[in-house]
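1. 3D model of this:
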Amino acid sequence: MGKASAGLLLLLGAGMAGGAEARESEVRLEISARSPAFEGRSFGDHGAYEQIKAVAHMRIDPADPANRDIVDLDRAPRAADGMVDYDVDVVILRPTASQRASRTLVYDVVNRGTKLLGALNKGPLSGDPIAEGDGFLMRQGYTIMWSGWQSDARPAMVPPGMALPQLLGARFPIARQQDGSPITGRVTSETIFDAPTGDIMPLPYPAAQLSQSDAVLTVRQRSSDTARTLAPGDWTFVDAQRVRIKRPADMDAGAIYTFSYVARDPVVMGLGFAATRDLVAWLRRPQAGNPLADGTQPSAEKGRAKADLFTSAIAIGGSQSGRYLRDFLWQGFNRDTAGKRVFDGMIPYIAGARRTFTNFRFAEPGRFSRQHEDHDVPGYDFPFTYGTLTDPVTQRSDGLLARCTATRSCPRIFHVDTGAEFWQAGASLVGTGGTDRDVPLPDGVRAYALAGGTHAAGFAPPYCTYPANPLSYTPLLRALLVSMEDWTTGRAEPPQSRWPSRDAGQVVPVEEIEPPFKPWAHVVNRPVVPGGKAGWPVFVSAIGKDGNELAGLRMPELLAPTGSYLGWNVRKRGYAEGELCMIFGGYVPFAANAAARAPDDRRPALDAVTGSVQERSEAYAAATRELVRDRLLLAEDADAMIAAAAAAPAPAP
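-> Numbering: from 1, shown residues only. Okay, here's the model as predicted:
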């Protein structure tokens, strides 16, 4: 279809109550390319797909009550009419014949500018367009959308052999003093080299002046250690956004370098929430110029306005993107400026109990708390769970759904974590809220914990002790996306939660775990407690004699295991040995027989747990079909898993 261009101003609604002086947010979509996707291949009843690339030029009114909590929006440069301008990148995939599309919009929250949804097609995460894989998403007829929400987007880690993905970003204004002079403030940045060489520390915001008098560089081996200040002769500014460090000889490659300095020019990063709210709200309405409105008959199902293009809009996001969705909810952005719900369903996954470091002055959305890295970064604090309760530490009353409950704009939610998030992201707090007991989830929330799962299946860097954990959550996400569509459209109730219970002893303090082999993790990532108060209790999943987690959703691999599937990994000697190894899990196979077991390995040997090949195959198939029955696995995925397990070589004797 070649290149096209659209310059359309579309008003988003009448603002919130009390907003007589507030003006409506505006969107002007400039389409740069519109072309067939997947070489024009057809996907069942839904036909071929097209890809639309665009830039959304957006305008927002700082006076609108819906925008009043966006930090520094009142200090952003304004146009003559008082509005604040910014723009974001947009990509849309949709059936070419829009009347053949389903009425479900799937919004994939980009992770540091990278698309994640390709994994649900059993392909690479990103791509342009996303990987076709087995065509799962297109076979559902979904309209799929991505847009930038982070102005400093850059991938956190690119595995070896993977091409740098095309990033979707945003251009947000820099806040200024009312007289136009720069805003300055103290910023703390952190670097861990995790390599024997390297001496450059990047800074997230430019230094206000290149003077060592206002800056301090410290180093510590572990996050729990007392930091040591490095002398001015051991570091120097390369320029306003780089520092060169003379690394101390007594610190290994995993040492933590923390730099405190006076920075300038904070970005109004909280606009990343408004950008998604306003753009999705705009695309849901069939007004002139909306590229999704061509030939589409509006839906009138489930109480949505007749002018709505979609019966259901579902947001899905993993890791940083999952934390973004939890933050989006908590900060009240699921209600648009016309008072309507933005997303009908949300699937935040592998986010744990954290939010993001986004709506702050000098925000850095790419940073997040872990046990060893960036431990004290904002975003890992109360409220942790969805229901509203009184915090036993701060005595505040809050919950992630408090605002949307008050405005009747809450979505249905599937919260998905793995064993990894119980160690590194306080996932137990989703079930306890920071107490020492279970707290109920609201009626519109289901939670699923993938026992033995890992944050990044099949990947572990060389400074981790154990090989990568191969257990994937992708089959679960595929099933849950279909179930969310059914739930939000009223076709079927969702699967029951599969979350470990504190009251039943399924999550326990890390000190109560009796390690079945060594080395075993001895630390977890705990939230930083304000004012020296007693902390929120953080728990990890209880394990069996084989080292595998007992509660939550157990995939067939755990019912006929060949080893221990770990949500955690530990750092090797020379890299802050014994600390948790980033966000990665591990896999430790069983010894072939009792004679081959290491002295400190108390797990049963392989020949004692697997049974015969036929018994193992039957157990695997039965567990797989049970997950299909419970709507936690698609039949097509179950068939493929059973076939792959049957074709796999038998475990070595």
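2. only C-alpha atoms for contact and neighbour calcs from this point on.
-> OK.
3. what about the strands in the stretch 251-400 of the chain?
-> Secondary structure of the stretch 251-400 of the chain (DSSP state E, counting those that start in this stretch): strands at 256-264, 312-318, 345-349, 389-390, 397-398.
4. elements contacting the longest one?
-> This means strand 256-264. The helices and strands touching strand 256-264, judged by 3 or more CA pairs under 8 Å, 6 or more residues apart in numbering; DSSP states H and E, are strand 184-191, strand 216-220.
5. Show me what secondary structure element comes after the longest helix seen in the chain.
-> Criterion DSSP state H: the longest helix present in the chain is helix 613-629. Once the chain leaves helix 613-629, the next helix or strand it forms, by DSSP states H and E, is helix 635-647.
6. hmm, back to that, on contacts alone, who are the packing partners of the longest helix of the chain?
-> Using 3+ CA pairs under 8 Å, 6+ apart as the test, helix 613-629 ends up in contact with helix 556-559, helix 635-647.
7. and of the strands of the stretch 251-400 of the chain, who's closest to residue 485?
-> Proximity to residue 485 (CA to CA) singles out strand 312-318 among the strands of the stretch 251-400 of the chain, at 7.0 Å.
8. Neighbouring strands - and their directions - for the closest one?
-> The pairing partners recorded for strand 312-318 under DSSP bridges are strand 104-108 (parallel), strand 345-349 (parallel).
9. Switch the ones you listed over to JSON lines; also include mean neighbour count, mean pLDDT and distance to residue 445.
-> Below are these laid out as JSON lines (neighbours: other CA atoms under 10 Å; pLDDT from 0 to 100; distance: least, CA to CA, whole Å):
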{"stretch": "strand 104-108", "mean neighbour count": "23", "mean pLDDT": "98", "distance to residue 445": "18"}
{"stretch": "strand 345-349", "mean neighbour count": "26", "mean pLDDT": "98", "distance to residue 445": "10"}
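10. can you list the ones you listed in JSON lines and add distance to residue 308?
-> Shown next, in JSON lines, are those (distance: least, CA to CA, whole Å):
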{"stretch": "strand 104-108", "distance to residue 308": "11"}
{"stretch": "strand 345-349", "distance to residue 308": "16"}
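11. Nearest to residue 288 among these would be which one?
-> The nearest among these, by CA to CA, is strand 104-108 at 18.8 Å.
12. how far does that closest one sit from the chain's center?
-> 16 Å (CA atoms, centre = their mean, to the nearest Å).
13. Check which element follows it along the chain.
-> Later in the chain than strand 104-108, the nearest helix or strand by DSSP H and E is helix 136-139.
14. what mean pLDDT does that following helix have?
-> Model confidence over helix 136-139, given as mean pLDDT, is 96.
15. so what secondary structure elements neighbour it?
-> So helix 136-139, by 3+ CA pairs under 8 Å, 6+ apart, packs with no helix or strand.
16. Next, the buried residues of the strand ranked longest in the chain.
-> Secondary structure of the chain read by DSSP state E shows that its longest strand is strand 26-42. Neighbour counts over strand 26-42 (16 or more other CA atoms under 10 Å) mark 26-31, 34-38, 42 as buried.
17. which residue is nearest the centroid of the chain?
-> residue 319 (2.4 Å; CA atoms, centre = their mean).
18. you'd agree it is up against residue 355?
-> No. Using CA atoms under 8 Å, residue 319 is not in contact with residue 355, being 9.9 Å away.
19. Pull the number of nearby residues for the nearest residue to residue 280 once chain neighbours are set aside.
-> Spatial nearest neighbour of residue 280, excluding adjacent residues (CA to CA, 6 or more residues apart in numbering): residue 342 at 6.8 Å. Counted with other CA atoms under 10 Å, residues neighbouring residue 342 total 26.
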